[in-house]
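Colleague: Pasted the sequence and its predicted model underneath.
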Amino acid sequence: MTVGFSGDVAEYYAKYRRGYPQQVLDFLQDYFSLTTDDSVLDLGCGTGQLALPLAPRVRSVIGMDPEPDMLRLARAAASHCEVRNATWVLGADTDVPALGMLLGHASSLAMTVVGQALHWMRHDDLFRDLLPLFRAGGGIAVVANGAPLWLQDTAWSRALRTCLEQHFETELTASCGTADQDRVRYAQALEDAGFSDVRSTTVSYPDELTFQQVIGGLYSAIPAEQLPRIDQRPAFEENVRRALPGAEPFPEQVLVSVLVGRTA
C-alpha cells in the first residue's frame, strides 16, 4: 500500500471526509455479532472516521494506517471524543501477518473493516493473510463510503470532473473501489480466500455540500505531491468555482456499500 496522504491532505481528510450512517454500524454489529468482548481492526483507518464510532460497541479497536499524520489526527480525534479503547498502529496491508503474530490466538479479531483505502492494497493477499486472525464468525467488511465527488451522476459533478481533468491533464476514471465491478471483484476474492456467507448491503441518503466542503473533499483525496501549493490554491479554487453550475449547496446522493464475509 503506497499512498501520499500526509501533511495538509491529512488535515483536510480529518475535517472534510464524511462519516458513516448509523445503519452501517448496526449492520456490522449484527452480522459479526459484535460484543464488548471483541476486538476489531480498521485497516487504512485514516483519521478514524470508522474506528471511532465503532469503539463504543467493542472492547478495543486497532486503527492501522501507513501515514503518521493520519494517525496523529486520529489520536487527537479519539482524545477529543474521549475514546480510550483505540490503539493506533503505523502499518500497511503488508504488515498484517506481523500484526497477527503480535495479537496471538488469545486476541483473535472479530472483524477487520477496510474502507476505500482497499483500492491501494493487494486485496487478494490481504484477504488470505487476514483469514487466520479471526475468531469463529469473524471476518472482513469492505465499506465504500460513496462515489468520488467527480464521478457522481449530477451536473455539478460532471462539470467538476471536466475541470479537474483539464487541470491535471489526465482522464479521471478510477472509482476508488466504489463501482459495482469493484464490489463483484472483491466478493469473488473473499470467497476465493475461504470466507463464507459473502453478501452486501447498501445505505443511501441525500446530502448537500457547500463549496468549501467540495474543495475540502477534493484536497483530502489528492496525494500530497499533487496538491496545489498554498499560494496556488486561491486560483485553483476560483477555477473550480467558475466551472460549477449553479449556486451552493450542491446536492448528492450518497450510496454507502458494505460487503462482508466471515469464517465458519
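Modeller: Everything's here; your move. Numbering: from 1, shown residues only.

Colleague: can you list contacts of stretch 83-93?
Modeller: Residues outside stretch 83-93 that contact it (C-beta atoms under 8 Å, 6 or more residues apart in numbering) are 1, 43-45, 48, 51-52, 55-56, 58-66, 68, 71, 74-75, 78, 98-99, 121-122, 125-126, 129. Where C-beta positions appear, they are placed from N, C-alpha and C, glycine not excepted.

Colleague: Please list the members of the residues you listed that lie in strands.
Modeller: Here DSSP state E is the test, and the contacts of stretch 83-93 give L43, S60, V61, I62, G63, M64, D65 as lying in strands.

Colleague: Need the max-distance pair from those residues.
Modeller: Pairwise distances across those (C-beta to C-beta) peak at 16.6 Å, for the pair S60 and D65.

Colleague: just checking, G4 is part of a strand?
Modeller: No - assessed with DSSP: H, G, I helix; E, B strand; the rest coil, G4 is coil; it does not lie in a strand.

Colleague: For it, give me its contacts.
Modeller: With the criterion set at C-beta under 8 Å, 6+ apart, G4 makes contact with P223, A224, E225, Q226.

Colleague: Can you give me the distance of the second one to P68?
Modeller: Spelled out, that is A224. A224 sits 12 Å away from P68, taking C-beta to C-beta, to the nearest Å as the criterion.

Colleague: Report pLDDT for the residue most central in space within the chain.
Modeller: Residue closest to the mean C-alpha point of the chain, counted by C-alpha atoms, centre = their mean, is G115 at 3.0 Å. Listed pLDDT for G115 reads 91.

Colleague: SS state for the spatially closest residue to it that is not a sequence neighbour?
Modeller: Nearest residue to G115, sequence neighbours excluded (C-beta to C-beta, 6 or more residues apart in numbering): V143, at 5.2 Å. Recorded secondary structure, V143: strand (three-state DSSP).

Colleague: next one: the one 4 residues further on
Modeller: In terms of secondary structure, A147 is coil; the call rests on three-state DSSP.

Colleague: Next: C176.
Modeller: Following three-state DSSP, the label given to C176 is coil.

Colleague: how about stretch 176-195: buried residues?
Modeller: Residues of stretch 176-195 classed as buried: C176, G177, T178, A179, D182, R183, Y186, A187, A189, L190, A193, F195 (neighbour count, 16 or more other C-beta atoms under 10 Å).

Colleague: closest to A235 among the residues you listed?
Modeller: Checking the buried residues of stretch 176-195 one by one against A235 (C-beta to C-beta), the nearest turns out to be C176, at 26.3 Å.

Colleague: For F250, grab the count of nearby residues.
Modeller: 22 (other C-beta atoms under 10 Å).

Colleague: So which helix or strand of the protein has the lowest pLDDT on average?
Modeller: helix 96-103 (a mean of 88; mean pLDDT, DSSP states H and E).

Colleague: Adjacent strands (with direction) for the very next helix or strand once past it?
Modeller: Going down the chain from helix 96-103, the next helix or strand is strand 109-114, by DSSP states H and E. Here strand 109-114 is paired, per DSSP bridges, with strand 39-43 (parallel), strand 134-145 (parallel).

Colleague: Dump the ones you listed to TSV, plus mean neighbour count, mean pLDDT and distance to L90.
Modeller: Shown next, in TSV, are these (neighbours: other C-beta atoms under 10 Å; pLDDT from 0 to 100; distance: least, C-beta to C-beta, whole Å):
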stretch	mean neighbour count	mean pLDDT	distance to L90
strand 39-43	26	97	12
strand 134-145	21	95	21
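
Colleague: TSV for these, including distance to R242?
Modeller: Formatted as TSV, the strands paired with strand 109-114 follow (distance: least, C-beta to C-beta, whole Å):
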stretch	distance to R242
strand 39-43	38
strand 134-145	29
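
Colleague: Looking at these, spot the one closest to Q23.
Modeller: Nearest of the strands paired with strand 109-114 (C-beta to C-beta): strand 134-145, 11.8 Å.

Colleague: buried residues in the next helix-or-strand element following the closest one?
Modeller: Per DSSP H and E, the first helix or strand lying C-terminal to strand 134-145 is helix 155-168. For helix 155-168, a neighbour-count test (16+ other C-beta under 10 Å) marks W156, S157, A159, L160, R161, C163, L164 as buried.
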